[in-house]
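S.K.: here's my sequence, what's the structure:
(one chain, ligands or ions: 1)
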Amino acid sequence: MNTATIWRTTLERLEQTAVDADSKAWLQDAHLASVPYLDDGDIALDQADQGVHFTLQVPNTQACNVINNRWRPSLEEILTEITGQVVTLSVSSEDKGLPAAQNISTEAQAATQRSPAQNNYTAYFDISPHQSTQAELQYMTSGSMATLEDWDNEQRANMLMHNRLNPRYTFEAFIVGNSNRLAHAASLAVAEAPGESYNPLFLYGGVGLGKTHLLHAIGHLGVQTGLAVLYVSSEQFTNEIVNAIRYRTTEEFRAKYRSVDILLVDDIQFIAGKESTEEEFFHTFNSLHEMSKQIVICSDRPPKAIVSLEERLRSRFEWGLIADIQPPDLETRMAILRVKSDLLNYPIPDEIIAYIASRVQTNIRELEGCLNRLMAYQQLHHTDLTLDVARAAMSSLGNDNREASLNGRQIAEAVADYYHTSLEAMRGKQRDKHIVMPRQIAMYLIRQETQASLLEIGQFFGGRDHSTVLHACEKIERTLNLNPGLRREIIAIREQLLRE
Ligand SMILES: Nc1ncnc2c1ncn2[C@@H]1O[C@H](COP(=O)(O)OP(=O)(O)OP(=O)(O)O)[C@@H](O)[C@H]1O
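M.R.: Below is the predicted model:
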């Protein structure tokens, strides 16, 4: 492979990244200089066991600065991939002698006069056209990345390409219940007045309970009010700091993180024990906090429980407000399912919503998964949406292991417990109302939750006829549709059974 082919392939791969118009034009005009030990224009890669050093010749000094500062690490990565050798790259300008201002290409000059939106940036940061043009012009003519302000506008634009907020994760789409009320209220407060109320805001809770959703919702509101918002996972933060150290771009890294108005950090627990990351995060935190910029942090546990987190960070995380998110109660789970099914334009009868909500108790992501599975299952089988279909969808996908292992006796005992009666009484001859009703509910639930036949159920309940069982099941089903109280009782029994 010769250098021309390598460079062409590099540009093709870089296409997968959003590259701004100026850089694109400069990169297309650039070429890789041959490395010294080549004699026929081809690279003898197997000789390069110490790695390969390339020089990229670019058209002018401005291009040299931008590509060196912004694209060199990505280019090195791609070149390393293509050649299979560790590549280091220097960027060199072909016409170093010319004054910087004269080297602006026509394309680059045009770009300085375009608004940020025309430059294909996603509008997660508000850079007003006036500000941007001024800063870009100053940058173009200065010939160096000398000031933080220059960096600020350049890098902010670059950040836009990576700062993806999920459009579905808004405050409007977040269902509030007792389990998440405080976390929601605190998030809304910091989104409405960043840096003023709780700083930092530390949200914690179990898997799939809406922490990321709230972070993004804060982000959206910040963006709408024209603030610079940066959402980052702690993994991404770590990678960036590792790269910054490796490529000696820590100044840029710092400038980037200190330029935001709202910093949202997900899964902070993963930085614990990573010394350089903790160190850098500590300084980032302090700088932002001193400038009254808002910091919101999420974790799966409270600061005290993040083992091996440096004490100075832990204490800072405790400065503001710590709000937890607990698993949602039944009503909240049902409300979430209702909203999600409306969003999917997939109407679901209450009975089925209640059925799914009673089965998935601790993870909203899983709850959503069940809804999606149900939809897929129903469409695949071209069938009406009934409780039986819902049961089949969930059990066929292995969601109901506990249910599969339930037997009639366990169910009957749970019903007896719930209604403060005894299994013996339910299996006996008594016809008092306070025994008949639980008996019928137990029959209904056994029919729903197990494979037992009407005959078997009848035998279990003192040798009753299969038509008696059928009558009981039908009666409970009818009453369920008219009596929300009974529906709640049955859900509670199911929940209890699944918990045991
Ligand atoms: N209260 C809620 N209202 C509506 N949707 C919610 C709510 N809580 C969570 N969700 C939804 O549940 C899914 C999982 O939420 P999210 O990713 O925010 O969880 P998380 O707590 O960050 O989980 P993890 O610890 O795995 O990162 C998302 O689709 C989110 O929209």
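S.K.: please parse the chain into its domains.
M.R.: 3-36+51-93, 161-324, 330-396, 408-498 (the TED database).
S.K.: dump those domains into TSV; add mean neighbour count and mean pLDDT as well.
M.R.: For the C-beta atoms, the positions are set from N, CA and C on the backbone; glycine is no exception. TSV is the format used below for the domains of the chain (neighbours: other C-beta atoms under 10 Å; pLDDT from 0 to 100):
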stretch	mean neighbour count	mean pLDDT
domain 3-36+51-93	18	75
domain 161-324	18	91
domain 330-396	17	87
domain 408-498	17	89
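S.K.: how about these in a markdown table, adding distance to the ligand?
M.R.: Compiled in a markdown table, these are given as follows (distance: least, C-beta to the nearest ligand atom, whole Å):
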| stretch | distance to the ligand |
| --- | --- |
| domain 3-36+51-93 | 25 |
| domain 161-324 | 3 |
| domain 330-396 | 4 |
| domain 408-498 | 19 |
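S.K.: can you give me the strands for this structure?
M.R.: Ranges of strands within the chain are 31-33, 52-58, 87-93, 201-205, 229-233, 262-266, 294-299, 321-325, based on DSSP state E.
S.K.: make JSON lines from those and add distance to Thr80 to it.
M.R.: Output for the strands of the chain, formatted as JSON lines (distance: least, C-beta to C-beta, whole Å):
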{"stretch": "strand 31-33", "distance to Thr80": "14"}
{"stretch": "strand 52-58", "distance to Thr80": "9"}
{"stretch": "strand 87-93", "distance to Thr80": "5"}
{"stretch": "strand 201-205", "distance to Thr80": "38"}
{"stretch": "strand 229-233", "distance to Thr80": "24"}
{"stretch": "strand 262-266", "distance to Thr80": "29"}
{"stretch": "strand 294-299", "distance to Thr80": "33"}
{"stretch": "strand 321-325", "distance to Thr80": "42"}
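S.K.: ok, Lys274 touching Glu235?
M.R.: No: the pair Lys274 / Glu235 is not scored as a contact, 10.2 Å apart, by C-beta atoms under 8 Å.
S.K.: nearest spatial neighbour of the residue nearest to the spatial centre of the chain, skipping sequence neighbours?
M.R.: When C-alpha atoms, centre = their mean is applied to the chain, the residue found nearest the centroid is Thr212 (5.5 Å). Spatially, and ignoring its direct neighbours in sequence, Thr212 is nearest to Asp266 (5.7 Å; C-beta to C-beta, 6 or more residues apart in numbering).
S.K.: contact partners for the one you found?
M.R.: The contact partners of Asp266, by C-beta atoms under 8 Å, 6 or more residues apart in numbering, come to Lys211, Thr212, Leu215, Tyr231, Val232, Ser233, Ser234, Cys298.
S.K.: tell me who's in contact with the third one.
M.R.: With C-beta under 8 Å, 6+ apart as the criterion, the residues that contact Leu215 are Tyr169, Ser187, Leu203, Tyr231, Leu264, Asp266, Val296, Cys298.
S.K.: cutoff 6 Å now
M.R.: Taking C-beta atoms under 6 Å, 6 or more residues apart in numbering, we find Leu215 in contact with Leu264, Asp266, Cys298.
S.K.: need the contact list for the first one.
M.R.: Looking back up the chat, that one is Leu264. With contact set as C-beta under 6 Å, 6+ apart, Leu264 has these partners: Leu215, Gly219, Tyr231, Val296.
S.K.: for Glu196, which non-adjacent residue is closest in space?
M.R.: The shortest distance from Glu196 to any residue other than its chain neighbours is 7.4 Å, reached at Ser292 (C-beta to C-beta, 6+ apart).
S.K.: excluding its backbone neighbours, what's nearest Glu351?
M.R.: Glu351 sits nearest to Leu387 (C-beta to C-beta, 6+ apart), 5.8 Å away.
S.K.: before we move on, what about Tyr169?
M.R.: Per C-beta to C-beta, 6+ apart, closest to Tyr169 is His216, 3.6 Å.
S.K.: also Tyr198?
M.R.: Residue nearest to Tyr198 in three dimensions, not counting chain neighbours: Leu321, with 3.7 Å by C-beta to C-beta, 6+ apart.
S.K.: for Thr332, same thing?
M.R.: Nearest-residue entry for Thr332: Gly177, 3.0 Å, with adjacent residues in sequence omitted and distances by C-beta to C-beta, 6+ apart.
S.K.: shouldn't the one you found be in contact with Pro328?
M.R.: Yes: counting by C-beta atoms under 6 Å, Gly177 touches Pro328, with 5.3 Å between them.
S.K.: circling back: between the contacts of Leu264, which sits nearest Pro438?
M.R.: Checking those against Pro438 with C-beta to C-beta, the nearest one is Leu215 at 46.1 Å.
S.K.: what's across from the nearest residue in space to the closest one that is not next to it in sequence in the sheet?
M.R.: Nearest residue to Leu215, sequence neighbours excluded (C-beta to C-beta, 6+ apart): Leu264, at 4.5 Å. Counting by DSSP bridges, Leu264 is bridged to Tyr231, Val296.
S.K.: tell me the spacing between Leu264 and Asp324.
M.R.: Look at Leu264 and Asp324: by C-beta to C-beta, to the nearest Å, they are 18 Å apart.
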